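dropping a prediction and its sequence here:
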Amino acid sequence: MASIKNLIVGCGISGASLARKLAEAGEQVVIIDAKDHIAGNCHDYNDNGIMVQKYGAHIFHTNDKEVWDFLSRFTDWYPYQHKVLGLIDGQFVPIPFNLNSLHALFPGFMADELEKRLLENFGLNKKIPILQLRKTGNKDLEMLADYIYEKVFLQYTLKQWGLAPDQIDPNVTERVPVYTGRDNRYFAADKYQGIPAEGFTEMVRKMLDHNDIQVKLNTPFDKTMEYKQLFYTGAIDEFFDYFWGELPYRSLRFQFAQYNFPKFQQSAVVNWPCNYDWTKSDEHKYFLNDQSDKTIISYEYPEAFQRGVNERYYPIQNDESASLYSKYLEQAKSLKNVHFLGRLGDYKYYDMDKAVARVLELVKEIAK
Ligand SMILES: Cc1cc2nc3c(=O)[nH]c(=O)nc-3n(C[C@H](O)[C@H](O)[C@H](O)COP(=O)(O)OP(=O)(O)OC[C@H]3O[C@@H](n4cnc5c(N)ncnc54)[C@H](O)[C@@H]3O)c2cc1C
């Protein structure tokens, strides 16, 4: 490859947003990806009229108008509002746990009493960390806190992270929320939410459709490539040949199933904290309200990340990984023409809106 002015590694939402912003600022860009498709983790494809999200359920949601307006240049949105159900004690109830979940799981007189106590203590439509429920001094609310912790949080977390209960960071436990309201939407706090009307891949394709952007798939980054500036959305530890050691991640295995009937479950995503080895099942036709006699489900099985075997999904955040990452970050600062970004470059769990916001900030910084 001849010397490139701006080389972007990774055609996910981070790399693609950056490519577009640079091209619109008059820069020539080459963007590469090791995979045979664009859109990274958000990649979706049409399977006989059902839009399937290859790497599990992706719902766009944000309060950031700048990000929403930027992406809206490349797509219309299907105004999907995400709801999650969890199988708890044989009932599919709203997750996060709210007053509707309470009434579905407890006998009427108990649910009425617990609702009264919750509202007296915290008021309507409040998000209460479970630890606070434990501290009210009220025996009924403490019982409720223990129930939610055990049935909704603990079993799910053990599967998700492959940890023993005593290895779970108490700070995480503290944040498990209970909602004292009846709004079943998962992202109720976000003003903008939706699924790109023609899918995420098409949105990213439109972003990359610019005369000054050249896309090369099936092209892993290699150190012999020449560039004036490099923007790297791959794993930062891989870039430095694991000099300080390997940053830990949790991975997932997606098992797809097609059923010859129209509907499998009552919401796009169902959590299975206490049953089976999968954590979630995603029913893909919900996202764009696709109509079909068939349905496609993906089951998510959390597993350990192994290099060369599966993909990096969730950074495992603890003191050790933070200290390891800070060494890579220091090393990165010494490279004046290399920028790291994206969920793998920054070693951070980003929702899509945060990944795009990071790009918009970076572009402003570079322009200074
Ligand atoms: C299971 C799951 C569910 C999620 N659900 C949601 C959701 O509902 N809503 C939401 O907002 N966010 C969700 N996210 C987060 C979302 O996936 C990320 O915000 C988004 O993917 C970040 O985009 P990115 O471009 O930074 O990274 P990626 O999408 O991972 O893209 C990075 C790209 O770089 C390429 N690459 C890496 N290394 C190299 C290399 N050396 N050479 C060439 N190419 C390379 C990879 O192949 C990849 O295509 C979810 C994440 C997961 C794992």
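The structure has been received and is ready for your questions.

mind checking the SS state of the nearest residue to residue 160 once chain neighbours are set aside?
Excluding the flanking residues, the one nearest residue 160 by Cβ to Cβ, 6 or more residues apart in numbering is residue 302, at 5.1 Å. Heads up, the C-betas are built off the backbone N, CA and C, glycines and all. Using DSSP: H, G, I helix; E, B strand; the rest coil, the structure places residue 302 in strand.

likewise for residue 14?
Strictly by three-state DSSP, residue 14 counts as helix.

and the gap between it and residue 314?
16 Å (Cβ to Cβ, to the nearest Å).

which one's more surrounded, those two?
Using other Cβ atoms under 10 Å, the more surrounded residue of residue 14 and residue 314 is residue 14, with 27 against 16.

show the pLDDT at that one.
Residue 14 is assigned a predicted lDDT (pLDDT) of 98.

before we move on, what about residue 173?
Looking at residue 173, its pLDDT reads 67.

got the contact list for stretch 228-240?
Residues outside stretch 228-240 that contact it (Cβ atoms under 8 Å, 6 or more residues apart in numbering): 3-10, 12, 14-15, 18, 40, 221, 244-247, 312, 324-325, 328-329, 331-332, 337-347.

what do you get if the cut-off is 6 Å, keeping everything else the same?
For stretch 228-240, the external contacting residues (Cβ atoms under 6 Å, 6 or more residues apart in numbering) are 5-10, 14-15, 18, 246-247, 328, 331, 337-342, 344-345.

go through these and flag which are in helices.
14, 15, 18, 328, 331, 342, 344, 345 (DSSP state H).

keep those, but drop any that are not near the ligand.
14, 15, 342, 344 (Cβ under 6 Å from any ligand atom).

can I get those in a markdown table with distance to residue 283?
Listed next are these as a markdown table, based on distance: Cβ to Cβ, whole Å:
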| residue | distance to residue 283 |
| --- | --- |
| 14 | 28 |
| 15 | 29 |
| 342 | 28 |
| 344 | 28 |
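
narrow those residues to just the buried residues.
Buried subset of those (neighbour count, 16 or more other Cβ atoms under 10 Å): 14, 15, 342, 344.

how many residues are close by the closest residue to residue 20 other than its chain neighbours?
Nearest residue to residue 20 in three dimensions, chain neighbours excluded: residue 207, at 4.6 Å (Cβ to Cβ, 6+ apart). Using other Cβ under 10 Å, residue 207 has 26 neighbouring residues.

residue 207: what's it in contact with?
Applying Cβ under 6 Å, 6+ apart, the residues near residue 207 are 16, 20, 74.

residues near the residue nearest to residue 160, how many?
Neighbour count for residue 302, taken as other Cβ under 10 Å: 20.

okay but it is in contact with residue 157, surely?
No: here residue 302 does not reach residue 157: they are 10.2 Å apart, not a contact under Cβ atoms under 6 Å.

look up how far residue 203 lies from residue 48.
Residue 48 is 21 Å from residue 203, by Cβ to Cβ.

ditto for residue 23
16 Å.

which of those two has more neighbours?
Taking other Cβ under 10 Å, residue 23 and residue 203 do not tie; residue 203 has more neighbours (25 against 21).

can you name the element that comes right after the one helix or strand that one maps to?
Assigned by DSSP states H and E, residue 203 belongs to helix 200-208. Following helix 200-208 in sequence order, the next helix or strand is strand 213-216 (DSSP H and E).

could you pull out the helices for this structure?
Along the chain, counting by DSSP H, helices occupy 13-24, 65-72, 99-105, 108-122, 130-134, 139-148, 155-161, 170-175, 200-208, 236-239, 319-333, 342-345, 352-367.

just want the angle from the longest one to helix 65-72.
Right, the one you point to is helix 352-367. Calculated by axes from the mean of the first three to the mean of the last three Cα atoms, to 10 degrees, helix 352-367 forms an angle of 100 degrees with helix 65-72.

show me which residues of helix 352-367 are buried.
Result for helix 352-367 [16+ other Cβ under 10 Å]: buried residues 352, 353, 354, 355, 356, 357, 358, 359, 360, 362, 363.

show me the domain layout of the protein.
4-81+193-246+314-367, 84-179 (automatic domain parsing).

got the residues of the stretch 151-300 of the chain near the ligand?
Counting by Cβ under 6 Å from any ligand atom, the residues of the stretch 151-300 of the chain close to the ligand are 220, 221, 233, 234, 252.

number of nearby residues for the second one?
This means residue 221. Neighbour count of residue 221, defined by other Cβ under 10 Å: 18.

kindly report the same for the third one.
Using other Cβ under 10 Å, residue 233 is surrounded by 28 other residues.

repeat for the last one
The criterion is other Cβ under 10 Å. On that basis, residue 252 has 21 neighbouring residues.

so who does it touch?
Neighbours of residue 252 in contact, by Cβ under 6 Å, 6+ apart: 300, 302, 313.

what residues are bridge-paired with it?
residue 302 (DSSP bridges).

measure it to residue 204 for me?
21 Å.

may I have the phi/psi pair for residue 317?
phi -90, psi 120 (degrees, to the nearest 10).
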